[in-house]
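>>> What shape does this take:
(chains A and B)
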There are 2 protein chains.
Amino acid sequence: MHQGCATVLCVLAVLGLEVAALEECELARLLQDKLRYEMRLKYMKHNFPIDYTLRVQHEEVLRTANVTRLRDGKVSEASLRYLWFHTCSQAVLHILEVLPEKHPSHGYTQELSQLLDALGVEYSGYRQHPKLFAPIDGIAVAHPLSPQSDVDAVVADLVKQLHSADSRQKAVRPKALLDNCLKVLRMLFGAHCRWDSA
Amino acid sequence: MHQGCATVLCVLAVLGLEVAALEECELARLLQDKLRYEMRLKYMKHNFPIDYTLRVQHEEVLRTANVTRLRDGKVSEASLRYLWFHTCSQAVLHILEVLPEKHPSHGYTQELSQLLDALGVEYSGYRQHPKLFAPIDGIAVAHPLSPQSDVDAVVADLVKQLHSADSRQKAVRPKALLDNCLKVLRMLFGAHCRWDSA
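You can find the predicted model right below:
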């Protein structure tokens, strides 16, 4: 059953992939909208003391240059989106942790966190059903998250370091964290979600 | 002219003292109102990141215990109010310095600063016209601010250290700075302005 592919199952697998991709893109679009300049400026700069920084894990700052380097190392686009999701979620959680519940940026940051959580559900769904995305009838249907290659292992390692307490830390302004989130989001989801042609 | 006292001048001198005292108390009352708990909580705690501190001069933290010690050392009440004005103004300026203009606590902090500036004008008025408060016809009219005794010299020294860049620094939360401002304000202006009997 796992080796072959009945027509219905094939259709379901492809449909599942598309629906998941659609939801992923919808969420990414909502995140992009919420991370727009005026919002980041108001909630992450104006509402914070001047020069305020958070101490975050070194790997929590994922820049477009890092993504370019990983792409050159043949890391799959799906793995890169997964890495982005983890770094951005971690950054937003760190910001949320320093905000009192009644802080004027708390609601905004919580909404970002909820959107990322929803995206996390999408990704955890992929992880829980790897067989749906295993090669079917000799056609390689790439599982977007499973560490099937060395390059995906690089991402798995980065995600591990991201959640490690032993990792090096650096001081970063909250807006800079979200600036990176948005830049990498555009870089990774733009073509994937066909925003350019919209 | 300075040695004697024509009746009109005496009356003017006493009236001037009373009007100045009245304005000082009105301003202190406005400050007390603006420093009330809900305001400090909202603008100095909820609107700041958790555990946020400012580095301030050691002398900038004037506690009621410090005032009690200075009182025991026979520092005059007027000198103590002058010291309070300097420490509180400096604290408020430090808070203002870390706030972007569009920060939700900026307006509140600026209003505090303006009230303190107005009080400063009252005090600088005393300093610019010391002869009005010099002994008249043998009756000692105490100048509230001139460093005429050793204890006033203690205050002058503290104010000097307050504005010195070489002074020791400590990390203090913004709300703690204003908590102290209010406590010492009540301690020093309560009886002086007869708020207790109001």
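
>>> which secondary element of chain A has the worst mean pLDDT?
For chain A, counting by mean pLDDT, DSSP states H and E, helix A:7-34 ranks last in confidence among helices and strands (a mean of 68).

>>> Any figure for the gap between A:Val61 and A:Leu93?
14 Å (Cβ to Cβ, to the nearest Å). In this view, the C-beta of every residue, glycine as well, is placed from N, C-alpha and C.

>>> Revised request: answer the last question for A:Pro174.
12 Å.

>>> next one: A:Arg55
Counting by Cβ to Cβ - A:Arg55 and A:Leu93 are separated by 14 Å.

>>> between those two, who's got more neighbours?
A:Leu93 (15 against 11; other Cβ atoms under 10 Å in any protein chain shown).

>>> what's the helix or strand for that one?
Using DSSP states H and E, A:Leu93 sits within helix A:77-97.

>>> Check A:Ala171 too.
strand A:169-172.

>>> other SSEs contacting that strand?
In terms of contacts (3 or more Cβ pairs under 8 Å, 6 or more residues apart in numbering or on different chains; DSSP states H and E), strand A:169-172 is packed against strand A:54-57.

>>> Please spell out which residues along the helix or strand following the strand it packs on are buried.
Next helix or strand after strand A:54-57 toward the C-terminus (DSSP H and E): helix A:64-72. Residues of helix A:64-72 classed as buried under the neighbour-count rule (16 or more other Cβ atoms under 10 Å in any protein chain shown) are A:Asn66, A:Val67, A:Leu70.

>>> measure the last one to A:Gln110 for me?
Think A:Leu70. Plainly put, A:Leu70 is 30 Å away from A:Gln110 if you go by Cβ to Cβ.

>>> and if you look at the second one?
Here A:Val67 is placed at a distance of 27 Å from A:Gln110 (Cβ to Cβ).

>>> cool, the first one as well?
Distance, A:Asn66 to A:Gln110, using Cβ to Cβ: 27 Å.

>>> Checking my notes, A:Lys45 in a strand, right?
No - secondary structure assignment (DSSP: H, G, I helix; E, B strand; the rest coil) places A:Lys45 in helix, not in a strand.

>>> so it touches B:Glu101, yeah?
No - counting by Cβ atoms under 8 Å, A:Lys45 stays clear of B:Glu101, with 11.2 Å between them.

>>> Among these two, which residue is more densely surrounded?
Neighbour comparison, A:Lys45 and B:Glu101: the larger count goes to A:Lys45, with 19 against 9 (by other Cβ under 10 Å).

>>> Contact partners for that one?
By Cβ atoms under 8 Å, 6 or more residues apart in numbering or on different chains, the contact set of A:Lys45 is A:Arg173, A:Pro174, A:Lys175, B:Pro100.

>>> who's in contact with the residue nearest to A:Leu70 when sequence neighbours are not counted?
Once flanking residues are discounted, A:Leu70 sits nearest to A:Leu80: 6.1 Å by Cβ to Cβ, 6 or more residues apart in numbering or on different chains. Counting by Cβ under 8 Å, 6+ apart, A:Leu80 touches A:Val67, A:Leu70, A:Arg71, A:Val155, A:Leu188.

>>> Show me what from chain A comes close to chain B.
Selection of chain A residues close to chain B by Cβ under 8 Å from any Cβ of the partner chain yields A:42, A:45-52, A:97-100, A:102-104.

>>> try 6 Å this time
Within chain A, the positions near chain B by Cβ under 6 Å from any Cβ of the partner chain are A:His46, A:Pro49, A:Ile50, A:Val98, A:Pro100, A:Lys102, A:His103, A:Pro104.

>>> Contacts made by stretch A:160-174 with the rest, please.
A:Met44, A:Phe48, A:Thr53, A:Arg55, A:Val56, A:Gln57, A:His58, A:Glu59, A:Val61, A:His86, A:Gln90, A:Ile95 (Cβ atoms under 6 Å, 6 or more residues apart in numbering or on different chains).

>>> Next, count neighbours for A:Val92.
A count of nearby residues for A:Val92, using other Cβ under 10 Å, gives 25.

>>> go on, A:Val121?
10.

>>> pretty sure it is in a strand, no?
No - per three-state DSSP, A:Val121 lies outside any strand segment and is helix.

>>> Please report how far it lies from A:Glu23.
According to Cβ to Cβ, A:Val121 and A:Glu23 sit 9 Å apart.

>>> again with A:Ser105
Taken as Cβ to Cβ, the span from A:Ser105 to A:Glu23 is 27 Å.

>>> Name the residue in the two with the higher neighbour count.
Higher neighbour count among A:Ser105 and A:Glu23: A:Ser105, with 24 against 15, using other Cβ under 10 Å.

>>> List the contacts of that one.
For A:Ser105, the contacting residues are A:Tyr43, A:Asn47, A:Leu99, by Cβ under 6 Å, 6+ apart.

>>> you'd agree the last one is up against A:Tyr108?
I take that to be A:Leu99. No - in this structure A:Leu99 lies outside contact range of A:Tyr108 using Cβ atoms under 6 Å: 9.5 Å.

>>> Compare neighbour counts for the two and give me the winner.
Per other Cβ under 10 Å, whichever of A:Leu99 and A:Tyr108 has more neighbours is A:Leu99, with 24 against 19.

>>> Contacts only, for the more buried one.
By Cβ under 6 Å, 6+ apart, the contact list for A:Leu99 reads A:Ser105, A:His106.

>>> Torsion angles phi and psi at it?
Dihedral pair for A:Leu99: phi -100, psi 130, per degrees, to the nearest 10.

>>> Equivalent analysis for the one 3 residues further on, please.
In terms of degrees, to the nearest 10, the main-chain angles of A:Lys102 are phi -90, psi 10.

>>> How about A:Gly107?
The phi/psi pair for A:Gly107 (degrees, to the nearest 10) is phi -60, psi -50.

>>> Pull the number of nearby residues for it.
When counting by other Cβ under 10 Å, one arrives at 13 neighbours for A:Gly107.

>>> again with the one 3 residues further on
Neighbouring residues of A:Gln110 were enumerated by other Cβ under 10 Å; the total is 14.
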